[in-house]
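**Student:** got a predicted structure here, sequence first:
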Amino acid sequence: MSSNKMIGVLVLLAMLFVGSFSVFTVYEWERAVLFRLGEIVRADFEPGLHFKIPFINNVRKFDARVLTLDVQPERFLTAEKKNVIVDSFVKWRIGDLSRFYTAVLGDELQARLRLEQIVKDGMRGEFSKRTLNEVVSGERGQIMGVLAGNVSVQAKELGITIVDVRIKRVELPQDVNAAVYRRMEAERTRVAKDFRSRGFEASERIRADADRQREVILAEAHRDAERVRGEGDAKATDIYAEAYNKNPEFYAFYRSLNAYEDAFGGGDLLVLEPDSEFFRYFKTDQPQK
């Protein structure tokens with residue numbers, strides 16, 4: 001009885017051992033390939049618990065999440081035969097698991113190397129068609145779009161799906177940076193001088209126009225002042241004439257008094273005959289007829 005129990009325990013342990021090799025779990029972030037004696041049988045497992053035949057089937061799992069390939073900075077030639085250093089990265093994931101395993105034997109490192117070479121070849125072709133200015137600022141978005149399309153086509157042969165291709169930075173080699181900066185500085189200096197000359201020309205034009213307007217305003221003001229003064233003198237003359245016509249003798253007497261004040265108030269020497277018309281109001285207090 002004791003030996004039968006022992007045999008039963010051994011059988012149970014053997015069944016558990018074999019059963020452990022008959023079950024496998026696929027998680028949400030994984031993809032699994034089922035082999036039968038080295039041949040791919042199935043590669044479309046849903047997440048969850050699955051079964052296999054022990055010792056005949058084996059399972060290999062792969063990461064199904066979006067992965068990042070940080071491409072090593074590479075030097076490329078532009079259409080002007082100028083070197084630029086490009087730093088980029090690729091977002092990718094396993095698309096066709098059977099093809100992925102067949103192409104790179106499921107080796108992620110090998111897949112990264114192949115994909116990196118595809119990206120660099122694509123960049124080399126795109127950068128060779130464009131000038132330095134287009135590469136640095138003008139058409140970077142267009143380059144990334146074309147690269148993503150071309151790389152996706154070639155990556156499908158590896159069972160890889162390309163999510164995105166991005167250029168992080170485009171730099172000039174250190175040996176040409178100084179020359180480029182000098183050219184940029186010279187260009188900025190030329191533009192600054194051009195703006196200054198335009199500003200000086202505009203300021204001279206504005207100043208000349210202001211001087212012209214000033215002269216016009218002064219001339220018009222002088223003209224208006226002379227006209228007003230003339231009108232005032234004419235009106236004063238009319239008033240004097242009207243007053244004179246009312247009493248000519250009084251007006252003559254008043255003017256003589258003003259003349260006496262001007263003549264004798266300054267202390268100047270006057271040589272006049274006593275019976276001159278100038279002294280007629282000193283001789284009589286009666287008005288002349």
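**Tutor:** Arrived safely, thanks for sending.

**Student:** any stretches of the stretch 1-150 of the chain with poor pLDDT?
**Tutor:** 1-2, 4-5, 7-21, 138 (pLDDT under 70).

**Student:** can you give me the strands for it?
**Tutor:** Assigned strands in the stretch 1-150 of the chain, in chain order: 23-26, 30-36, 39-42, 48-51, 57-63, 67-77, 83-94 (criterion: DSSP state E, counting those that start in this stretch).

**Student:** what does stretch 238-246 contact?
**Tutor:** With contacts defined as Cβ atoms under 8 Å, 6 or more residues apart in numbering, stretch 238-246 is touched by Y251. Yep, even glycine has a C-beta here, placed from its N, CA and C like the rest.

**Student:** now do the helix ranked longest in the chain and strand 83-94, the angle between them.
**Tutor:** The residue-count maximum for a helix in the chain (DSSP state H) belongs to helix 174-246. Helix 174-246 and strand 83-94 are oriented at 110 degrees to each other (axes from the mean of the first three to the mean of the last three Cα atoms, to 10 degrees).

**Student:** from the contact counts, what lies against the next helix-or-strand element following helix 174-246?
**Tutor:** Per DSSP states H and E, the first helix or strand lying C-terminal to helix 174-246 is helix 248-264. On a contact count with 3 or more Cβ pairs under 8 Å, 6 or more residues apart in numbering; DSSP states H and E, helix 248-264 meets helix 174-246, helix 280-283.

**Student:** for helix 248-264, which residues meet the burial criterion?
**Tutor:** S256 (16 or more other Cβ atoms under 10 Å).

**Student:** average model confidence for that helix?
**Tutor:** Mean pLDDT, helix 248-264: 71.

**Student:** now the angle between helix 174-246 and it, please.
**Tutor:** 130 degrees.

**Student:** CA atoms of helix 248-264 as PDB?
**Tutor:** Below are the C-alpha coordinates for helix 248-264, written out as PDB (Å, rounded to 0.1, in the frame of the first residue of the first chain):
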ATOM      1  CA  PRO A 248      -8.800 169.400 -38.800                       C
ATOM      2  CA  GLU A 249      -7.500 172.200 -36.600                       C
ATOM      3  CA  PHE A 250      -7.500 170.100 -33.400                       C
ATOM      4  CA  TYR A 251      -5.900 167.300 -35.300                       C
ATOM      5  CA  ALA A 252      -3.100 169.600 -36.500                       C
ATOM      6  CA  PHE A 253      -2.600 171.000 -33.000                       C
ATOM      7  CA  TYR A 254      -2.400 167.400 -31.600                       C
ATOM      8  CA  ARG A 255       0.200 166.400 -34.100                       C
ATOM      9  CA  SER A 256       2.200 169.600 -33.400                       C
ATOM     10  CA  LEU A 257       2.300 168.700 -29.700                       C
ATOM     11  CA  ASN A 258       3.600 165.300 -30.500                       C
ATOM     12  CA  ALA A 259       6.200 166.800 -32.800                       C
ATOM     13  CA  TYR A 260       7.300 169.300 -30.000                       C
ATOM     14  CA  GLU A 261       7.600 166.400 -27.600                       C
ATOM     15  CA  ASP A 262       9.800 164.400 -30.000                       C
ATOM     16  CA  ALA A 263      11.900 167.400 -31.000                       C
ATOM     17  CA  PHE A 264      12.600 168.900 -27.500                       C
END
